[in-house]
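Peer 1: Any chance you can model this:
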Amino acid sequence: MNLIYVNESAINDQNHSAGVLDDAPRTALLELLEHLRSIHYDFIAPTPASQARVLSRADRQVGTTVADLLGWSLPCRRDDLPHAIVDALDAAGLLTRRRDGLLVAKVRVSNVLGRLFVHSSYPTSERDSVFLGPDSYRFADYISRNLAGLPSDARILDYGAGAGVGGIIAASLHGNATLTLADINPKALSLASVNATFAAIDHRTALAGTPAEVDGRFDLIVTHPPFMIDPDRRAYRDGGDLYGGKLSLDWTLMAIEKLAPGGRFVMHTGVSIVAGRDVVREALREAMPATGYRYDYRLLDPDIFGDELEKEPYAGVDRIAAIGLCVQRDAAAHE
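Peer 2: Numbers count the residues shown, from 1 in each chain. A predicted model of the protein is given here:
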C-alpha cells in the first residue's frame, strides 16, 4: 500500500491536513470518498464469517456494482464500473488487474452512522490489515451515548484507532474537538487520517505501541482493542492472554492515567465467558484503582462471533460477549 504515514508534526491547528493533501494516493482516496458520497454509496460491513458465506454462493463470484467492488471485495469487469471509481483507485495504487481482466480493489469503504470509512479489503489476512466490521457500529453507537458533559473544546484520543471510527464519530458528534489518532500500525494511521480529513475533523496522528506512549492529557479517550484469541498474533485481532482480554485490561489501566481531571474513558470490547464467568470483568474489578475513578461496565451483546467457538483456542469458552466500559476520572483529581 502506498499511502504515506502522517507524522504529528505534519498537522497543525490551522490546517488539519497540512503537508499531506499533495500526496497523490491520499488525494485520490479523498476523491474516491467524495465521489462515493455524491452517488449515495451505502455498504454495511458484515462479520468475516457472513461475508465468506455470501461470497461462497455460485452467483457471487463476479460483481457488477460499486458495492460489489468496494464492499464485498468481488472482482468486477471494467465496463460495469464508473470511470471515476476506477481512476481514483488506480491513482492511489489500490487496484489490481487480474490476468482474466477483472479488477479487484485493495480497500473497502463502509458506512458507519452516515459517515464513510475506507479500510482493508476482504479477507483481512495481512498482519497490518485495518479491520472494520459490526463491532465498529456497536462502538460508534456506544460512544454516541457517552458524550454528554464534555468540555466545549474537548481533547479526544482514539487509541488503537484502526480506520478511526471511534475518534471520528466522537469528534463529529461533539462538534468542537481536537482529535489524536494513535495506533501501532502505520497503515491504519494513513487510512484513519484520510477518513478524518474527509469528515473535516482537525486531527493529528501518533505512532504508539501503548496508550501510555501518547503525549498529552485528554478529556475523552475511546478505544476498541483487539479481543480475539489469534494463534497468528495479528496486531489488529489478537487480544493476548485472559482468553483474548488482556489488551482490554492493559489499555484501560494505561489510558485512565492519561485522562484530564473529569475526563472519560470509553471502551468497546469482546470478553470470553468461561464457565459462566466474565474473566475480564473479574480482572478489572481487582485491578481498578480504589479511588479517583468510577466506572460503568455493561453488556452490549451477549453472543458475538459464535463461529470462533468451533476453533481449538476457544475450547472451554461458553460464548464471546460484547461489553461497553465507561470510566470517569474525578474532576478534583490532581494532574
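Peer 1: Sketch out the low-pLDDT regions of this protein for me.
Peer 2: Residue ranges of the chain with pLDDT under 70: 1-22, 333-335.
Peer 1: Recalculate using a threshold of 90.
Peer 2: Scanning the chain with the threshold set as pLDDT under 90 gives 1-24, 124-128, 176, 226-244, 290, 332-335.
Peer 1: quick one, longest strand in it?
Peer 2: strand 259-274 (DSSP state E).
Peer 1: Provide the strand pairings for that strand, with the direction of each partner.
Peer 2: strand 218-223 (parallel), strand 277-278 (antiparallel), strand 317-329 (antiparallel) (DSSP bridges).
Peer 1: Would you reformat those as CSV and include mean neighbour count?
Peer 2: To be clear about C-beta, it is placed using only N, CA and C from the backbone, and glycine gets the same treatment. Listed next are those as CSV, based on neighbours: other C-beta atoms under 10 Å:
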stretch, mean neighbour count
strand 218-223, 27
strand 277-278, 15
strand 317-329, 20
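Peer 1: Now distance to Leu300 too, for the ones you listed, in JSON lines please.
Peer 2: Listed next are the strands paired with strand 259-274 as JSON lines, based on distance: least, C-beta to C-beta, whole Å:
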{"stretch": "strand 218-223", "distance to Leu300": "14"}
{"stretch": "strand 277-278", "distance to Leu300": "13"}
{"stretch": "strand 317-329", "distance to Leu300": "4"}
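Peer 1: OK, contacts around Glu31?
Peer 2: 84, 88, 91 (C-beta atoms under 8 Å, 6 or more residues apart in numbering).
Peer 1: List buried members of the residues you listed by neighbour count.
Peer 2: Among the contacts of Glu31, the ones that count as buried by 16 or more other C-beta atoms under 10 Å are 88, 91.
Peer 1: From start to finish, how long is stretch 196-208 in a straight line?
Peer 2: End-to-end span of stretch 196-208 (C-alpha to C-alpha, to the nearest Å): 18 Å.
Peer 1: Check which residues of it are buried.
Peer 2: Buried residues in stretch 196-208, counted by 16+ other C-beta under 10 Å: 196-199, 201-208.
Peer 1: What helix or strand is the residue lying farthest from the centre of the chain located in?
Peer 2: In the chain, counting by C-alpha atoms, centre = their mean, Asp100 sits farthest out from the average C-alpha position, at 33.6 Å. In the assignment (DSSP states H and E), Asp100 maps to no helix and no strand.
Peer 1: picking up where we left off before, buried sites along the longest strand of the chain?
Peer 2: Within strand 259-274, judged by 16+ other C-beta under 10 Å, the buried ones are 259-260, 263-274.
Peer 1: quick one on the thing from earlier: identify whichever of the strands paired with strand 259-274 lies nearest to Tyr293.
Peer 2: strand 317-329 (5.5 Å; C-beta to C-beta).
Peer 1: mind exporting that closest one as PDB, just the C-alpha atoms?
Peer 2: What follows is strand 317-329, C-alpha atoms only, in PDB (Å, rounded to 0.1, in the frame of the first residue of the first chain):
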ATOM      1  CA  VAL A 317     -15.300 -20.800  26.300                       C
ATOM      2  CA  ASP A 318     -19.100 -20.600  26.600                       C
ATOM      3  CA  ARG A 319     -19.500 -17.600  24.400                       C
ATOM      4  CA  ILE A 320     -17.900 -14.200  23.500                       C
ATOM      5  CA  ALA A 321     -19.900 -11.200  24.700                       C
ATOM      6  CA  ALA A 322     -19.600  -7.500  23.600                       C
ATOM      7  CA  ILE A 323     -19.300  -5.100  26.500                       C
ATOM      8  CA  GLY A 324     -19.000  -1.400  27.000                       C
ATOM      9  CA  LEU A 325     -16.900   0.200  29.700                       C
ATOM     10  CA  CYS A 326     -17.100   3.900  30.700                       C
ATOM     11  CA  VAL A 327     -14.600   5.200  33.300                       C
ATOM     12  CA  GLN A 328     -14.900   8.700  34.700                       C
ATOM     13  CA  ARG A 329     -12.000  10.300  36.400                       C
END
